[in-house]
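1. sharing a model prediction with you, sequence too.
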Amino acid sequence: MGPDPVLSYPHRVRWLPLLGLLACQANEPLYLPTVEGARTMVLVVLADPPQIQVEDLKAGASGVPLVLDKQQTVVALYFTLPPAALGLTVGPYTSPSSGPYLRAPIAAFRYQAGEAGSLEPAGAEETDDARGRVRVALGDFLACAEVGGCLIAGEGGPECNLNCESPPAPEPPTLPEVPCPSVWEEQADGPAGLKTCRPARVARLICTPGHFQPSRAGTCEPLGPACGEPLPSGGVHVDPTAPAGGDGTLARPFSTIAEAVRRRPSPSVITLAEGDHPGPVTFEAPVEVVGACSGQVRITATGGEAIHVQSEGVLLRNLSVLRTDPGPALRVAGGLSAEAVELGPLELESGLLQLEDVQVRARGAPGLSLLGGRAEVNNLVILAEGSPGLVLEGAQIEGGQVVVEGPNVGWYQGPGVRAHLDGLEIVGALEAGARFTRAEAIGEPCGPLLATTTATLSDVLITEPGPDAQGLSVSCGASTYLNRLAILGHAQVALAIGAAARVEATDWIIEDAAVHQGAFSAIVDGGATFELSRGHIRSSAPDLFAMFDDGTDGQIGDLLLEPLGERESAFRTREARLVLRRILISGVGGFSLSTLGQFIGEDLRIIGSGPLAWSLNGEGSLGRVAIDSTPGSDLGLMVTTCQALSFCPSPVVDIHDLHLSGSKVGLRVPAVAVIAELRNFLFTGHEVGALEFPFPTPFKLRTGTISNSKVVLITGNEGYNFTEMLQGVVLVDNQELRRIVTP
């Protein structure tokens with residue numbers, strides 16, 4: 001060792017660390033200022049031979065240079081004051097081709113002040129202790145990593161731990177839970193070992209007169225008794241083939257229904273023989289009208305409705321009510337019950353309508369219009385040709401097992417409606433399967449919102465649409481509550497929620513046409529709110545699920561997305577508040593999230609070539625995220641901020657339990673205003689780089705492993721400070737530590 005300098009130090013001082021590894025050019029002295037009352041130890045890597053110049057800050061005088069032996073290239077230095085107070089400067093760590101850099105390992109040499117003020121070697125036990133706790137300067141995460149260490153938190157700042165062990169792997173995300181409802185069929189075709197489910201489907205048939213095909217039935221069934229059975233002897237009888245002058249008895253029936261209605265006292269039962277009975281007929285008193293059979297007993301009219309019900313207590317059974325031109329065949333402003341009948345378009349103005357085992361054939365007018373009053377339906381089939389199936393405004397409906405086949409709009413629900421239905425099947429809609437709105441008219445935009453409208457529907461199947469048809473649309477402040485919903489075969493938007501609407505859905509599936517022509521499979525915008533749970537979307541649309549506009553707010557749990565074909569993202573949001581729990585994307589396309597306000601995501605998994613790109617304009621968190629990218633995919637996770645806003649509300653991000661693998665770049669943080677912390681992570685197998693920070697950012701990484709990547713860190717800033725940013729990060733089998741690129 002060279003000459004000993006005389007340095008005066010008090011013996012009762014507390015050691016505080018110099019936060020740094022210091023480097024200098026070959027044969028260039030490294031000047032270390034000291035202060036009065038400082039006890040000093042040095043940790044430096046120097047040239048050959050190493051030199052130290054000690055300078056007294058208080059006196060301004062230069063000390064005597066220290067020249068160490070060649071083998072003793074590492075010395076430890078501690079100060080009682082923080083480095084900033086001493087005016088220390090640390091040269092940046094750069095790539096080997098750009099100047100001074102650290103390459104030598106940390107050796108087991110440490111020096112301390114002796115009793116006489118000279119520097120002398122420390123004991124072996126202190127040397128071993130020093131190897132495990134080396135404090136480094138700001139910017140020297142890379143220096144610590146270069147010698148096989150990792151930064152850990154300490155009382156005086158980060159320490160370089162040379163005995164790092166890889167932390168446990170992050171907690172994996174929980175896969176979506178999508179159990180099959182009892183009335184659905186389980187399929188073994190889901191990704192990641194998941195099973196999927198769909199409602200049982202049967203082909204729709206063309207039934208002969210007097211027969212219909214109820215919901216989910218595989219055959220045509222008779223509407224009431226078969227034709228040819230003897231008529232009951234009681235009541236007033238009508239036979240359209242009877243000669244004039246009858247008295248209504250079975251032996252001498254009336255020839256028209258009008259004659260039977262005019263009879264005094266009014267009959268309680270009118271029995272109709274087979275044949276065509278001319279209308280129109282008005283019922284102004286309670287009466288039961290019974291036909292021989294629905295297939296051969298027809299009440300017909302042209303230019304107006306065949307039956308007008310103005311009284312309560314009217315019952316139609318085993319007959320047909322038809323109109324030969326477009327328009328309502330039956331109008332109700334009282335109380336009507338219909339059993340085993342076939343009807344033309346039916347309109348309820350007020351009162352109570354009860355339909356059981358009824359088939360409606362509609363052309364040029366809605367099959368069933370509920371414009372007031374209340375309807376109870378069970379086993380209702382509406383065959384609509386170029387017209388809406390059901391139109392509801394200012395009315396109530398309840399019941400179940402409804403089929404609407406071939407409409408332009410299957411179910412239209414306007415303002416002032418309360419609907420509760422178990423079992424709705426809409427087949428072959430040309431414009432939309434179902435629309436729920438509070439707008440003034442069926443074709444009008446929202447405009448002024450009228451009375452509330454709500455629908456509670458279960459076992460809903462919307463299938464075999466026209467090429468330009470939407471599936472389910474909820475807008476203009478409408479509210480729907482859906483359980484067991486399937487929207488199948490659409491080439492346009494299958495689910496649209498907008499304009500302050502609210503939707504809650506449980507157990508739902510969207511399976512689009514093989515070639516999707518629209519931009520979205522499901523879209524939510526206009527300040528809508530929603531809660532969707534246990535869902536599945538399989539589609540080739542560019543975006544499977546999209547959310548737009550400030551004020552749109554929703555929760556999605558247990559969602560399986562299966563993108564088909566090429567796309568940028570499977571799940572896209574813009575300026576929306578959102579909670580995601582247990583989401584799996586399997587295929588091409590990932591998450592593109594632009595959130596305003598609060599965002600929470602837990603248990604998210606992407607399998608395929610899509611990244612998770614998150615542009616945050618508020619507060620948010622991600623927990624238990626795994627992105628298993630297809631080899632060659634560009635990106636695993638990108639976090640940025642305020643891309644679309646001129647004002648940035650200081651976003652804060654918390655991410656934990658993150659696993660990224662397979663993509664070219666693992667994590668990219670291109671923005672400068674993200675305040676974020678990432679903890680418990682594993683990045684592996686990135687062929688370009690695990691981390692990319694082209695701009696300074698306060699993003700922090702805590703406790704994680706980066707392994708088997710070509711480059712650990714890519715940055716565009718040579719003097720970038722990574723010590724506070726990267727702590728508890730263990731590097732395993734990576735090819736290169738750092739690469740500087742132009743940002």
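-> Received the coordinates, thanks. Bear in mind that the values here come from a model prediction, so they are computed numbers and not experimental data.
2. what about the helices in the chain?
-> 83-86, 124-132, 141-146, 257-262 (DSSP state H).
3. assess the claim that F436 and G498 are in contact.
-> No - in this structure, F436 is not within contact of G498 by CB atoms under 8 Å, at 11.0 Å. Just so you know, the C-beta spots here come from the backbone N, C-alpha and C atoms, and that holds for glycine as well.
4. tell me which of the two has more neighbours.
-> Comparing F436 with G498 by other CB atoms under 10 Å, the one with more neighbours is F436, at 27 against 21.
5. quick one: pLDDT of the nearest residue to the more buried one once chain neighbours are set aside?
-> Closest residue to F436 apart from its sequence neighbours, by CB to CB, 6 or more residues apart in numbering: A478 at 3.9 Å. We have a pLDDT of 94 for A478.
6. correct me, but A478 touches Y412?
-> No - A478 is beyond contact range of Y412, at 11.0 Å (criterion: CB under 8 Å).
7. how much space separates N318 from Q296?
-> Going from N318 to Q296 by CB to CB, to the nearest Å gives 10 Å.
8. who's more crowded, the two?
-> Using other CB under 10 Å as the criterion, N318 and Q296 rank with N318 on top: 24 against 20.
9. list the contacts of the more buried one.
-> 223-225, 290-294, 297, 339-341 (CB atoms under 8 Å, 6 or more residues apart in numbering).
10. confirm for me that G210 is in contact with R298.
-> No - assessed by CB under 8 Å, G210 is found out of contact with R298, at 10.5 Å.
11. low-confidence stretches in the protein?
-> Judged by pLDDT under 70, the chain has its weakly predicted residues at 1-140, 156, 440-445, 447-449, 642-650, 672-673, 718-720, 742-743.
12. tell me the residue furthest from the middle of it?
-> Distance from the C-alpha centroid of the chain, by CA atoms, centre = their mean, peaks at G245 (72.8 Å).
13. please work out how many residues are found near the residue nearest to that one when sequence neighbours are not counted.
-> Spatial nearest neighbour of G245, chain neighbours left out: R252 (7.8 Å); criterion: CB to CB, 6+ apart. If you count neighbours by other CB under 10 Å, R252 ends up with 13.
14. in this protein, which residue is most central in space?
-> I556 (5.4 Å).
15. residues contacting the residue nearest to F436?
-> 413, 436-438, 453-455, 501-502.
16. before we move on, the earlier item: how close does the residue nearest to the centre of the chain get to Q296?
-> Taken as CB to CB, the span from I556 to Q296 is 53 Å.
17. which strand residues bridge L322?
-> Note on L322: beta-bridge partners by DSSP bridges are T300.
18. OK, contacts around it?
-> Applying CB under 8 Å, 6+ apart, the residues contacting L322 are 298-300, 306, 329, 342-344, 361.
19. please tabulate those residues in CSV, including the columns neighbour count and distance to A613.
-> Output for those, formatted as CSV (neighbours: other CB atoms under 10 Å; distance: CB to CB, whole Å):
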residue, neighbour count, distance to A613
R298, 22, 63
I299, 28, 64
T300, 17, 63
A306, 26, 61
A329, 28, 56
E342, 25, 56
L343, 29, 55
G344, 27, 55
R361, 19, 52
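20. farthest-separated two in the residues you listed?
-> The distance between the two most remote of the contacts of L322 (CB to CB) is 13.7 Å, for I299 and R361.
21. in CSV, could you pull the C-alpha coordinates for the top strand by length along the chain?
-> In the chain, assigned by DSSP state E, the strand with the most residues is strand 590-608. Provided in CSV are the C-alpha atoms of strand 590-608 (Å, rounded to 0.1, in the frame of the first residue of the first chain):
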residue,chain,number,x,y,z
GLY,A,590,-55.6,-7.5,-26.5
PHE,A,591,-56.7,-4.6,-24.3
SER,A,592,-56.6,-0.9,-25.4
LEU,A,593,-57.7,1.0,-22.3
SER,A,594,-58.1,4.8,-22.1
THR,A,595,-59.7,5.5,-18.8
LEU,A,596,-61.0,8.7,-17.2
GLY,A,597,-61.5,8.5,-13.5
GLN,A,598,-61.1,5.2,-11.7
PHE,A,599,-60.1,2.0,-13.3
ILE,A,600,-59.7,-1.4,-11.5
GLY,A,601,-58.6,-4.6,-13.2
GLU,A,602,-58.1,-7.9,-11.5
ASP,A,603,-57.3,-11.3,-12.8
LEU,A,604,-56.7,-10.4,-16.5
ARG,A,605,-55.1,-12.8,-18.9
ILE,A,606,-54.2,-12.4,-22.6
ILE,A,607,-53.1,-15.4,-24.6
GLY,A,608,-52.0,-14.4,-28.1
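22. which other helices and strands contact that strand?
-> The contact analysis (3 or more CB pairs under 8 Å, 6 or more residues apart in numbering; DSSP states H and E) places strand 590-608 against strand 569-574, strand 576-587, strand 612-616, strand 619-629.
23. now render the ones you listed as JSON lines, adding distance to A522.
-> JSON lines is the format used below for the helices and strands packed on strand 590-608 (distance: least, CB to CB, whole Å):
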{"stretch": "strand 569-574", "distance to A522": "10"}
{"stretch": "strand 576-587", "distance to A522": "13"}
{"stretch": "strand 612-616", "distance to A522": "19"}
{"stretch": "strand 619-629", "distance to A522": "22"}
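24. among these, which comes closest to P407?
-> The closest of the helices and strands packed on strand 590-608 to P407 is strand 569-574. By CB to CB, the value is 31.1 Å.
25. report the distance from that closest one to the chain centre.
-> Here strand 569-574 is found 8 Å from its chain centre; the criterion is CA atoms, centre = their mean, to the nearest Å.
26. list the strands paired with that strand, with their directions.
-> Strand 569-574 is paired, per DSSP bridges, with strand 543-548 (parallel), strand 590-608 (parallel).
27. before we move on, the earlier item: closest to N161 among the contacts of L322?
-> Among the contacts of L322, and counting by CB to CB, the member closest to N161 is R361, at 80.7 Å.
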